[in-house]
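Student: take a look and give me a structure for this.
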Amino acid sequence: MAYVLGFSNELTAMIYAFNGPPRRSCCTSCNRPGRDAFLMDFENDVLRDWDATKGIPTGPRRFQNAEWADLIKRNVYPHCSDLDWYEYCEFVLNGGGDEWFME
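Tutor: Just a heads-up that it's a prediction; the model follows:
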């Protein structure tokens with residue numbers, strides 16, 4: 001909501017810290033045809049902006065890596081309309097991801 005209202009990035013980050021990241025109104029389950037492929041493509045695309053010298057976050061709790069989480073949050077809703085933070089976490093917790101993200 002803060003992003004939509006045009007608040008600064010700093011103020012938006014403060015609001016999200018209190019309320020958590022915004023949720024899309026039309027959320028869908030990660031368990032539908034084609035969604036896995038989309039989510040793997042999304043994650044691989046985000047990986048291009050990751051500093052590889054830090055190592056690639058792996059495993060079903062990689063979203064708990066603070067720097068990786070910040071990068072993902074900058075690329076999900078409200079910055080894009082296809083995916084929100086909670087859908088990404090569901091995907092990861094369910095073992096989603098390609099070989100780059102496996103332990």
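Student: neighbours of Arg74, just the number please.
Tutor: Residues lying near Arg74 (other C-beta atoms under 10 Å) number 12. Backbone N, C-alpha and C define where each C-beta goes, glycine included.
Student: from Cys80, how far off is it?
Tutor: 10 Å (C-beta to C-beta, to the nearest Å).
Student: the helices in this structure, which residues?
Tutor: 9-19, 35-47, 66-73, 85-93 (DSSP state H).
Student: could I get those in a markdown table, plus columns for mean pLDDT?
Tutor: Shown next, in a markdown table, are those (pLDDT from 0 to 100):
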| stretch | mean pLDDT |
| --- | --- |
| helix 9-19 | 58 |
| helix 35-47 | 93 |
| helix 66-73 | 96 |
| helix 85-93 | 92 |
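Student: of the ones you listed, which stretch is the most buried?
Tutor: helix 85-93 (a mean of 20; mean count of other C-beta atoms under 10 Å).
Student: mind listing the shared neighbours of Arg74 and Cys80?
Tutor: Both Arg74 and Cys80 lack any common contact, where contact means C-beta atoms under 8 Å, 6 or more residues apart in numbering.
Student: select, out of the helices of the chain, the one closest to Lys54.
Tutor: Checking those against Lys54 by C-beta to C-beta gives helix 66-73 as the closest, at 7.0 Å.
Student: on contacts alone, who are the packing partners of that closest one?
Tutor: helix 85-93 (3 or more C-beta pairs under 8 Å, 6 or more residues apart in numbering; DSSP states H and E).
Student: surely Val92 and Thr58 touch.
Tutor: No. If you go by C-beta atoms under 8 Å, Val92 and Thr58 don't touch, sitting 10.2 Å apart.
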